[in-house]
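S.K.: Could you work out the structure for the sequence below:
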Amino acid sequence: MTDTYYAKAWERYEQLRVLRPDAFHNSDPRGIVILTDKDEVRAAEKIIARRLLRDSFPAEWSRAGLFYEDPWIYLTRDVVRFPSGDFGTYHHIIMRGGHDGVVIFPVIDGQILLIRHFRNAIRNWSLEIPRGAPTSGLSVEDNARQEILEEIQGEIQRLEYLGKMENNNGMAAETMHAYFAEVASAGAPNLAEGIEGIRRVTSDELATMIQKSEVTDCHTIVAYTLAQMNNLLP
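M.R.: Numbering: from 1, shown residues only. Model (predicted):
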């Protein structure tokens with residue numbers, strides 16, 4: 001990559017910091033601090049580059065910037081200072097729609113609805129409950145209703161808040177809000193999203209599936225636990 005490429009990546013990075021200051025806020029100077037002063041960043045990049053070259057990696061991997069964006073995410077490389085005083089880099093996924101995603105624990109006629117969803121990252125099918133990424137312009141509750149409609153053509157008749165979880169907080173600032181949902185109806189799975197089928201299970205069956213690692217999706221496991229703690233399991 002050329003110097004022009006990295007200069008543009010830094011320019012986009014600075015624009016993003018103005019647009020989304022929440023994603024770069026240093027809440028505690030004793031924590032991992034994102035460097036934003038250009039001179040301080042450049043000095044730290046040189047130190048990191050020497051370390052990378054010593055370990056036979058490209059020096060360019062030390063450069064801070066916004067290197068990718070699409071309708072859903074921004075992907076940056078931050079230059080940071082650790083509590084030890086050492087410098088390093090962190091990949092940082094910033095959700096374009098904001099922080100607040102949603103996880104829905106759907107129940108119909110006393111049974112839990114699981115979807116069989118092909119997940120690209122693991123290149124395999126996953127049994128899980130519906131969930132959705134942060135969506136601009138929608139409240140979390142409206143997002144929950146929309147996800148049930150989109151993924152299983154379902155209609156929620158009762159929605160109860162369970163709690164929240166942080167989703168991959170080592171790389172992404174995304175809070176997933178979990179809801180218990182009584183669903184009045186459910187239709188066909190959304191093939192366009194890679195959802196092949198809908199499976200109804202009892203709470204005991206789901207517990208066994210989690211125990212046997214047949215259900216490994218963390219959102220499903222956390223939502224199940226929260227529903228259990230709130231005495232909402234069917």
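S.K.: so how far is residue 1 from the residue lying farthest from the centre of the chain?
M.R.: No residue in the chain sits farther from the centre than residue 54, which is 33.4 Å out by Cα atoms, centre = their mean. Counting by Cβ to Cβ, to the nearest Å, the separation of residue 54 from residue 1 is 21 Å. (Each C-beta comes from the backbone N, C-alpha and C, glycine too.)
S.K.: Am I right that residue 14 falls within a helix?
M.R.: Yes - counting by DSSP: H, G, I helix; E, B strand; the rest coil, residue 14 is located in a helix.
S.K.: Looking at it now. What's its pLDDT?
M.R.: pLDDT, residue 14: 98.
S.K.: can you give me the helices in the protein?
M.R.: For the chain, helices defined by DSSP state H occupy the ranges 3-19, 38-54, 140-152, 203-211, 218-229.
S.K.: what sits up against the fourth one?
M.R.: Just to be clear, that refers to helix 203-211. Residues from elsewhere that reach helix 203-211 (Cβ atoms under 8 Å, 6 or more residues apart in numbering): 112, 114, 127, 201, 215, 220-221, 224, 228, 233-234.
S.K.: Repeat the analysis, applying 7 Å as the threshold.
M.R.: Taking contacts as Cβ atoms under 7 Å, 6 or more residues apart in numbering, the residues outside helix 203-211 that touch it are 112, 215, 221, 224, 233-234.
S.K.: do the third one as well
M.R.: Residues external to helix 140-152 that are found in contact with it (Cβ under 7 Å, 6+ apart): 100, 102, 104, 106, 113, 115, 130-132, 135, 138, 154, 156, 159, 177, 179, 181, 183, 186-187, 189-190, 193, 195, 198.
S.K.: Restricted to strands, list the residues you listed.
M.R.: 100, 102, 104, 106, 113, 115, 131-132, 156, 159, 177, 179, 181, 183, 195, 198 (DSSP state E).
S.K.: Buried among those residues? Need that as a selection in PyMOL.
M.R.: Filtering those down to the buried ones (16 or more other Cβ atoms under 10 Å) takes a single PyMOL command:
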select buried, resi 100+102+104+106+113+115+131+132+156+177+179+181+183+195+198
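S.K.: quick one, domains of the chain?
M.R.: Taking automatic domain parsing as the criterion, the chain consists of the domains 3-95, 100-229.
S.K.: Would you tell me which one of these is buried the most?
M.R.: Counting by mean count of other Cβ atoms under 10 Å, domain 100-229 has the highest mean neighbour count of the domains of the chain, with a mean of 17.
S.K.: any idea of the mean pLDDT for that domain?
M.R.: Domain 100-229 shows a mean pLDDT of 95.
S.K.: still on that earlier bit, check the gap between the residue farthest from the centre of the chain and residue 17 for me.
M.R.: Separation of residue 54 from residue 17 (Cβ to Cβ): 30 Å.
S.K.: list the contacts for the nearest residue to residue 199 once chain neighbours are set aside?
M.R.: In this structure, residue 199 finds its nearest non-sequential neighbour in residue 114, 4.6 Å apart by Cβ to Cβ, 6 or more residues apart in numbering. For residue 114, the contacting residues are 127-129, 199, 201, by Cβ under 7 Å, 6+ apart.
S.K.: Now the two most distant members of the residues you listed.
M.R.: Greatest spatial distance among those (Cβ to Cβ): 128 and 201, at 11.9 Å.
S.K.: Residue 164 is in contact with residue 179, isn't it?
M.R.: No - between residue 164 and residue 179 there is no contact, the gap being 10.3 Å when judged by Cβ atoms under 7 Å.
S.K.: Go ahead and confirm residue 158 touches residue 180.
M.R.: No - using Cβ under 7 Å, residue 158 is not in contact with residue 180; the gap is 8.1 Å.
S.K.: Do I have it right that residue 194 meets residue 117?
M.R.: Yes - the pair residue 194 and residue 117 passes the contact test of Cβ under 7 Å, sitting 5.9 Å apart.
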